[in-house]
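the amino acid sequence is not available; the structure is as follows:
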């Protein structure tokens with residue numbers, strides 16, 4: 001299972017009851033942060049999420065409401081005694097942006113690995129040595145250990161911007177009776193369950209000999225800031241949770257959405273419907289929108305399972321046997 005916490009639901013500028021864009025994903029006590037607007041650290045403390053086990057920070061783009069909380073967070077992590085390296089992922093230009101932000105931080109006792117505009121999905125696996133999530137670069141130690149597949153999508157905003165999707169595969173069901181019937185030694189069961197082929201002298205044991213059909217995993221998607229584009233529905237397809245910007249609640253603000261390359265509630269709901277997602281969270285509310293709930297019917301009228309995001313809202317996503325691919 002994964003725990004999703006929306007740390008900041010605002011866009012543009014922080015409000016008294018609304019921090020800026022940020023979302024935390026907790027998987028087996030390791031953490032991935034998407035965006036880091038002002039107020040992120042405070043929200044993490046308020047929600048008791050912790051930050052010492054933060055492995056990866058994904059930045060959608062470089063507007064201030066998505067990154068100005070980053071120097072403070074990095075500094076706090078450094079002051080906490082962290083020594084393990086941190087990975088930061090972002091669109092084109094992320095290396096220059098991070099180097100510029102680091103000029104405000106005198107010293108960091110940990111390394112920062114930067115991945116700019118990844119062209120293919122990234123595979124992450126648990127690293128026993130550090131206790132964190134590590135990128136799979138095809139090494140032998142990572143074989144059969146992929147736990148999270150992180151994908152990106154280029155969005156349509158006023159600056160380079162990425163959408164993110166995380167998929168946690170679910171291993172096929174393991175059948176011990178099949179292993180017993182075929183005389184497969186117990187010491188090989190775990191390796192077969194992890195998808196590894198085992199060679200023992202003249203015997204070759206393959207995963208399909210003891211595993212059932214593929215089972216659907218857990219999918220989470222995060223889309224902001226952007227206009228609706230044709231590639232989004234496929235990218236978010238069958239997400240258990242879609243967190244999507246709803247900068248403007250009123251349909252009458254369509255012109256503003258077009259001009260500023262953002263979305264209305266209704267447009268976000270249309271994407272959720274086309275993408276056949278299970279649940280939609282709206283976020284990134286304009287500071288001019290005092291009461292986001294007033295316009296909620298503009299989304300629920302089209303996609304009923306729409307939730308109005310707010311700072312601190314949490315969801316626990318689990319494997320669902322009822323969902324199929």
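Ah, there it is. Predicted model, so just to flag it, every value in this text is computed and none were measured.

what ranges of this protein fall below the confidence cut-off?
The model of the chain has pLDDT under 70 over residues 137-146, 321-325.

okay, and the beta partners of the residue nearest the centre of it?
For the chain, residue 166 is the residue whose C-alpha lies nearest the centre (CA atoms, centre = their mean; 5.0 Å). Legend: beta-bridge partners of residue 166 under DSSP bridges are residue 150, residue 220.

is it in contact with residue 149, as I believe?
Yes. With contact defined as CB atoms under 8 Å, residue 166 reaches residue 149; the gap is 7.3 Å. (Each C-beta comes from the backbone N, C-alpha and C, glycine too.)

for the residue nearest to the centre of the chain, give me its contacts.
Residues counted as contacts of residue 166 (CB atoms under 8 Å, 6 or more residues apart in numbering) are 2, 25, 32, 148-151, 219-221.

now with 7 Å, please.
25, 148, 150, 220 (CB atoms under 7 Å, 6 or more residues apart in numbering).

okay, strands next: where are they in the stretch 1-150 of the chain?
2-8, 22-27, 30-34, 54-58, 86-90, 112-116, 122-127, 132-135, 148-154 (DSSP state E, counting those that start in this stretch).

out of those, which is closest to residue 47?
In terms of CB to CB, the element of the strands of the stretch 1-150 of the chain nearest to residue 47 is strand 2-8, at 5.7 Å.

how far away is residue 134 from residue 28?
Look at residue 134 and residue 28: by CB to CB, to the nearest Å, they are 13 Å apart.

need the overlap of contacts for these two.
Residues touching both residue 134 and residue 28 (CB under 7 Å, 6+ apart): none.

what about the two, which has more around it?
Neighbour count, other CB atoms under 10 Å: between residue 134 and residue 28, residue 134 has more, with 21 against 13.

where's the more buried one relative to residue 244, distance?
Residue 134 is 29 Å from residue 244, where distance means CB to CB.

returning to that earlier point: in CSV, list the contacts of residue 166 along with neighbour count.
Rendered in CSV, the data for those read as follows (neighbours: other CB atoms under 10 Å):
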residue, neighbour count
25, 21
148, 26
150, 20
220, 26
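
and those as JSON lines, adding distance to residue 107?
Converted to JSON lines, these look like this (distance: CB to CB, whole Å):
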{"residue": "25", "distance to residue 107": "28"}
{"residue": "148", "distance to residue 107": "31"}
{"residue": "150", "distance to residue 107": "29"}
{"residue": "220", "distance to residue 107": "34"}
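
can you give me the strands for the stretch 201-325 of the chain?
203-205, 215-223, 241-245, 280-283, 306-308, 314-317.

closest one to residue 36 among those?
Of all the strands of the stretch 201-325 of the chain, strand 215-223 sits nearest to residue 36, with 13.2 Å by CB to CB.

which residues sit against that closest one?
Strand 215-223 is touched from outside by 2, 4, 23, 25, 34, 163-170, 172-173, 232, 235-236, 238-245, 317, 319, 323-325, with contacts defined as CB under 7 Å, 6+ apart.

please indicate which of those residues are buried?
2, 4, 23, 25, 34, 163-169, 172, 232, 235-236, 238-245, 317 (16 or more other CB atoms under 10 Å).

just put the strands of the stretch 201-325 of the chain in TSV and tack on distance to residue 81.
As requested, those are exported to TSV (distance: least, CB to CB, whole Å):
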stretch	distance to residue 81
strand 203-205	45
strand 215-223	30
strand 241-245	32
strand 280-283	32
strand 306-308	37
strand 314-317	28
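
out of these, nearest to residue 76?
That would be strand 314-317 among the strands of the stretch 201-325 of the chain, by CB to CB, at 22.0 Å.

got the contact list for that closest one?
When contacts are defined by CB under 7 Å, 6+ apart, strand 314-317 is touched by residues 1-5, 218, 220, 240-241.

residue 112: which of the strands of the stretch 201-325 of the chain is closest?
Nearest of the strands of the stretch 201-325 of the chain to residue 112, taken as CB to CB: strand 215-223 at 21.5 Å.

quick check: of the contacts of residue 166, which lies closest to residue 294?
When these are compared for distance to residue 294 (CB to CB), residue 220 wins out at 27.6 Å.
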